[in-house]
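**Student:** Dropping a prediction and its sequence here:
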Amino acid sequence: MKEYKSAGIEAYGYVFNVTDEKAVKANIEKIETEVGPIDILINNAGITKDNLLLRMSESDFDDVLNINLKGTSLNLKIGFEELILDFILDNDSSNVG
């Protein structure tokens with residue numbers, strides 16, 4: 001972030017456990033409080049634990065699934081909840097009855 005800020009670019013970075021629904025919710029709320037509403041969600045958390053499936057431990061397999069699938073779905077679910085609510089409220093307030 002230092003490099004962006006020294007170049008005059010406003011940038012923010014947040015680190016949290018993407019597999020923990022409470023952490024995702026809390027951090028999205030923190031981001032919206034500190035920065036404003038989320039207009040774009042870049043959902044790029046992911047890991048690889050390269051190994052043949054027969055040699056991969058159950059723990060490694062669970063880690064890959066939890067971060068790559070559960071983490072992605074939680075961020076989409078919680079992140080888009082706010083976007084959808086904002087969209088509905090914006091559209092509802094512009095309807096002429």
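**Tutor:** The structure has been received and is ready for your questions.

**Student:** pLDDT value on K49, please?
**Tutor:** On pLDDT, K49 comes in at 87.

**Student:** I'd guessed it sits against S59; true?
**Tutor:** No. When contacts are counted by CB atoms under 8 Å, K49 is not listed as touching S59 (9.3 Å). Backbone N, C-alpha and C define where each C-beta goes, glycine included.

**Student:** Which of these two has more residues huddled nearby?
**Tutor:** Set K49 next to S59 and count neighbours by other CB atoms under 10 Å: K49 wins out with 12 against 9.

**Student:** How about the secondary structure of the more buried one?
**Tutor:** coil (DSSP: H, G, I helix; E, B strand; the rest coil).

**Student:** Could you find the closest non-adjacent residue to it?
**Tutor:** Of all residues beyond its chain neighbours, the one nearest K49 is D60 (4.3 Å), with distances taken as CB to CB, 6 or more residues apart in numbering.

**Student:** tell me which residues in the strand or helix carrying the one you found are buried?
**Tutor:** Per DSSP states H and E: D60 is located in helix 58-65. Going by neighbour count (16 or more other CB atoms under 10 Å), the buried part of helix 58-65 is V64.
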